[in-house]
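Asks: Got a predicted model here, sequence first, then my questions.
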Amino acid sequence: MIISDGELALIVPSKELKEEALQYKEEHFAHGDMQVHGSGGLAYYDDYDAWLKHIDAIRKMQADVDVKTSTFFSRRLSDGKLIGCVKIHHTLNDELRNGGHVAYGIRPSEREKGYGTKQLRLILEFAKREGMGQVIVACDKDNVASARTAMSCGGVLLKEFNEDGIIKQHYFFEMKKVLCVGFKGKNNFSGLLAEKLSREHLLLTNSRDGLKKDVDSVRGEYDQVIMFGVDKTLTSTVRIERVAAWDGERIVSKLNLNQLKDSLGAAGIQAVISENPTAYLCNDAYWQALHKFSGKAVFIHVPTMRHADEIFAEKVRRAVLTWLEKW
């Protein structure tokens, strides 16, 4: 057993599972399925032992394989039945990028019972334990069930694209802890962006003492803190702050801000990186975050609601998610 939620467990395919695995495959064929999704090609192997050698080779990156891939069955603990199959690429090369990290399937007789969501949650937990920073799950746009499964596990729509005439979607899962921060206010664009980017977000009080208390109240460790604040002088551009200053002392962000700038540019948003701290609440908030989180923060100045709309917000959101994917 690799990992379990008390109902399902991920297990490594083995010789002892041969009869059960072949029954699992035959059930797919009897149902009219041409593939056994998430199995690493089980449908194409007449020899079960040859399939075992194949999935072992891609797990160990043997022969010509340049991407490590782990393949599992999911077993129902109450009766030992094989419920599904799931595989995960630990990294992505150009050939695999459109397909994402994860492929999974549920045997026909056990579908529409919530097992797809449970299995995806287990493989995401496995990815976290393996130290993977991000996971991408791909699905066809018209596969509403797969999209719903991804979103129910915390996936955020990263992008849509056309592949051979089919609209595909990528859902993004952040394995590391990221906190998004904006300022309070009904029409404060920074708060809107923080809420759009992550379920785990913080809205700051618009005063020096208040925001200090807000930042101090944050508990736990975060791998990255993304902060937003508005600048009334900006219209269609954003400004990335590298430095915050307090009482003559400067703290510099340790994050790759050039890569963030490139991601924003690719989304059609002009961005500049500033080395000159502002003298307002945004600087105070940035100082507090850089100090508290050991430099693992970035502050992005954005326009006010007057100069930004939902399209602009979506471009910023996707650019930041793309940056996190590369990080």
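Replies: Great, that's in hand.

Asks: Tell me which other helices or strands the helix or strand harbouring residue 124 touches.
Replies: For residue 124, the enclosing helix or strand under DSSP states H and E is helix 115-129. Counting contacts by 3 or more CB pairs under 8 Å, 6 or more residues apart in numbering; DSSP states H and E, the secondary-structure elements packed against helix 115-129 are strand 3-4, strand 8-11, strand 69-76, strand 82-89, strand 102-106, strand 134-140, helix 144-152. Just so you know, the C-beta spots here come from the backbone N, C-alpha and C atoms, and that holds for glycine as well.

Asks: Next, the buried residues of that helix.
Replies: When neighbours are counted by 16 or more other CB atoms under 10 Å, the buried residues of helix 115-129 are found to be 115-116, 118-127.

Asks: Nearest to residue 200, out of these: which one, please.
Replies: residue 124 (15.5 Å; CB to CB).

Asks: Residue 132 is in contact with the closest one, correct?
Replies: No. Shown here, residue 124 and residue 132 do not form a contact pair, counting by CB atoms under 8 Å, at 9.1 Å.

Asks: Now for those two: what residues contact both?
Replies: When contacts are counted by CB atoms under 8 Å, 6 or more residues apart in numbering, residue 124 and residue 132 have residue 175 as shared neighbours.

Asks: circling back: list the contacts of the helix holding residue 124.
Replies: Helix 115-129 is contacted from outside by 2-5, 7-10, 70, 72, 74, 83-84, 86, 88, 101-102, 104, 106, 135, 137, 145-146, 149-150, 152-154, 173, 175, using CB under 8 Å, 6+ apart.

Asks: relative to strand 102-106, how tilted is that helix?
Replies: Helix 115-129 and strand 102-106 are oriented at 150 degrees to each other (axes from the mean of the first three to the mean of the last three CA atoms, to 10 degrees).

Asks: got the CA positions of helix 115-129 in PDB?
Replies: Only the C-alpha atoms of helix 115-129 are listed here, as PDB (Å, rounded to 0.1, in the frame of the first residue of the first chain):
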ATOM      1  CA  TYR A 115     -14.300   7.100  -6.800                       C
ATOM      2  CA  GLY A 116     -12.700   9.300  -9.500                       C
ATOM      3  CA  THR A 117     -12.400  12.200  -7.000                       C
ATOM      4  CA  LYS A 118     -11.100  10.000  -4.200                       C
ATOM      5  CA  GLN A 119      -8.500   8.500  -6.500                       C
ATOM      6  CA  LEU A 120      -7.400  11.900  -7.800                       C
ATOM      7  CA  ARG A 121      -7.000  13.100  -4.200                       C
ATOM      8  CA  LEU A 122      -4.800  10.100  -3.400                       C
ATOM      9  CA  ILE A 123      -2.500  10.700  -6.400                       C
ATOM     10  CA  LEU A 124      -2.200  14.400  -5.500                       C
ATOM     11  CA  GLU A 125      -1.200  13.500  -2.000                       C
ATOM     12  CA  PHE A 126       1.400  11.100  -3.500                       C
ATOM     13  CA  ALA A 127       2.700  14.000  -5.700                       C
ATOM     14  CA  LYS A 128       3.000  16.200  -2.600                       C
ATOM     15  CA  ARG A 129       5.000  13.500  -0.700                       C
END
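
Asks: what's the average pLDDT for it?
Replies: Taken as a whole, helix 115-129 has an average pLDDT of 93.

Asks: which of the residues in the lengthiest helix in the chain are buried?
Replies: Of all the segments of type helix in the chain, defined by DSSP state H, the longest one is helix 310-326. Residues of helix 310-326 classed as buried under the neighbour-count rule (16+ other CB under 10 Å) are 312-313, 315-325.

Asks: wait, which of the residues you listed is closest to residue 246?
Replies: Looking at the buried residues of helix 310-326 and their distance to residue 246, the nearest is residue 320, at 25.6 Å (CB to CB).

Asks: I'd like to know how far residue 133 sits from residue 225.
Replies: Counting by CB to CB, to the nearest Å, the separation of residue 133 from residue 225 is 15 Å.

Asks: Looking at these two now, which is surrounded by more residues?
Replies: Each of residue 133 and residue 225 has its neighbours counted (other CB atoms under 10 Å); residue 225 has more, 25 against 17.

Asks: Which helix or strand contains the more buried one?
Replies: Here residue 225, judged by DSSP H and E, is contained in strand 224-230.

Asks: what's downstream of that strand, the next helix or strand?
Replies: Per DSSP H and E, the helix or strand that comes after strand 224-230 is strand 237-241.

Asks: what sits up against that following strand?
Replies: 231, 253, 257, 260-261, 264, 269-274, 277-278, 282-283, 286, 298-303, 316.

Asks: Is there a quick ChimeraX command that grabs whichever of those residues are buried?
Replies: To isolate the buried subset of these in ChimeraX, counting by 16+ other CB under 10 Å, use the following:
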select :231,253,257,260,261,264,269,271,277,278,282,283,286,298,299,300,301,302,303,316
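
Asks: Which pLDDT value belongs to residue 63?
Replies: Listed pLDDT for residue 63 reads 61.

Asks: Compute the first-to-last residue distance for stretch 233-250.
Replies: Distances were taken as CA to CA, to the nearest Å; on that basis the terminal residues of stretch 233-250 are 24 Å apart.
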